[in-house]
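[1] let me see the structure of the following:
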Amino acid sequence: MSKWKPVRKAVFPVAGLGTRFLPATKVMPKEMLPLVDRPLIQHAFEEAREAGIEEFIFVTGRHKNMLEEHFDFQPELEDTLKSRGKFDMLEAIKSSEISENQLFLTRQTRPLGLGHAIWCAHKLVGDEPFAILLPDDVVLADTPCLKQMVDSYNETGGNLVSVMDVPREQTASYGILDTGKENGNLIEVKGLVEKPKPEDAPSTLSVIGRYILQPEVFTHLSKFETGAGGEIQLTDAMAKLIGSQPFHGYRYEGQRYDCGSRLGFIEANIAYSLKDKEIGDDVRQILQKYGSSQS
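    Down below sits the predicted model:
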């Protein structure tokens, strides 16, 4: 029997202001921006659900009530859809509901960094391993990214971070791994550096927004030590687990899109639209039309 507890809980840091998308995010949380037919936060929720997550913890901020409302039971809307015979839409609505014993919310009252946001969930996580999903990062894959990671965690235990190679000139935008041995999709993590200059980066293997961490990370986060950018960095706290617990990077299978940027968000919508059975062919024709008009 494994000494590692199963991953039942996931934390979603959703307190950010989304300034890159102003004025669209002046009132609406950036996590509610639609990726094809569902908001970003629902894509993250569905990925977690398919990975076997049972409890969903949102770390919110001011003006984020819409996130909670989106996952709530909407009896009037459901009755209207039912009376009109729109059962496909009714099913879509029901798939976005989270029951009251599975959705938990806590507040990050000050923007002190990702590490601080995760620390805000420590009482809800308790003494269990947990996943973290950053809704800005979406991964288009046959098997959801977090499901891939949970399957690997069930064999290795410890801590896992999903990783991808980036151009060396972009290392200053990511948490970068100092790597050890590789075994299939797993890479031993010997160290972690937050946003190193290209000349100082130990590798070009960067962490993206999917993590499975042991609760001991909260011991280090609770010290509120600041790092890059004067913020409390999750990367710094994770680095202190290396050596005391297994720590691996996981090369996921799929394509990652950065929906925290406008270009990444547009590209993700194109990619997901092309995969949509109802509109994919039409989207392909639209792209061909605009592609040919620019030639």
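[2] okay, CA-based contacts and neighbour counts for the rest of this
    Noted.
[3] what sits against residue 173?
    195, 196 (CA atoms under 8 Å, 6 or more residues apart in numbering).
[4] again with the one 4 residues further on
    Contacts for residue 177 were tallied using CA under 8 Å, 6+ apart; they are 189, 190, 191, 192, 193, 202, 203, 204, 205, 206, 207, 249.
[5] ok, 10 Å please
    161, 163, 187-194, 201-207, 235, 239, 248-249 (CA atoms under 10 Å, 6 or more residues apart in numbering).
[6] do the same with residue 119
    59, 108, 125, 217, 218, 219, 220, 221, 222, 224, 232, 234.
[7] just the ones of those in strands?
    The members of the contacts of residue 119 that map onto strands under DSSP state E are residue 59.
[8] from the contacts of residue 119, pick the one nearest residue 50.
    residue 125 (19.3 Å; CA to CA).
[9] what is the neighbour count of that closest one?
    By other CA atoms under 10 Å, 22 other residues sit near residue 125.
[10] quick one, what contacts it?
    Residue 125 touches 8, 9, 10, 11, 55, 56, 57, 118, 119, 131, 215, 218, counting by CA under 10 Å, 6+ apart.
[11] show me where the stretch 101-250 of the chain has strands.
    Assignment of strands within the stretch 101-250 of the chain using DSSP state E, counting those that start in this stretch yields the ranges 103-107, 130-133, 137-140, 159-165, 175-183, 186-194, 205-213, 247-251.
[12] okay, the ones you listed in TSV with mean pLDDT and distance to residue 44 next?
    Formatted as TSV, the strands of the stretch 101-250 of the chain follow (pLDDT from 0 to 100; distance: least, CA to CA, whole Å):
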stretch	mean pLDDT	distance to residue 44
strand 103-107	90	14
strand 130-133	97	7
strand 137-140	96	7
strand 159-165	94	15
strand 175-183	89	21
strand 186-194	90	23
strand 205-213	94	10
strand 247-251	95	18
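[13] mark out where each domain of the chain begins and ends.
    Listed domain ranges for the chain are 9-159+204-246, 261-295 (source: automatic domain parsing).
[14] okay if I get those domains as TSV plus distance to residue 255?
    Output for these, formatted as TSV (distance: least, CA to CA, whole Å):
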stretch	distance to residue 255
domain 9-159+204-246	5
domain 261-295	9
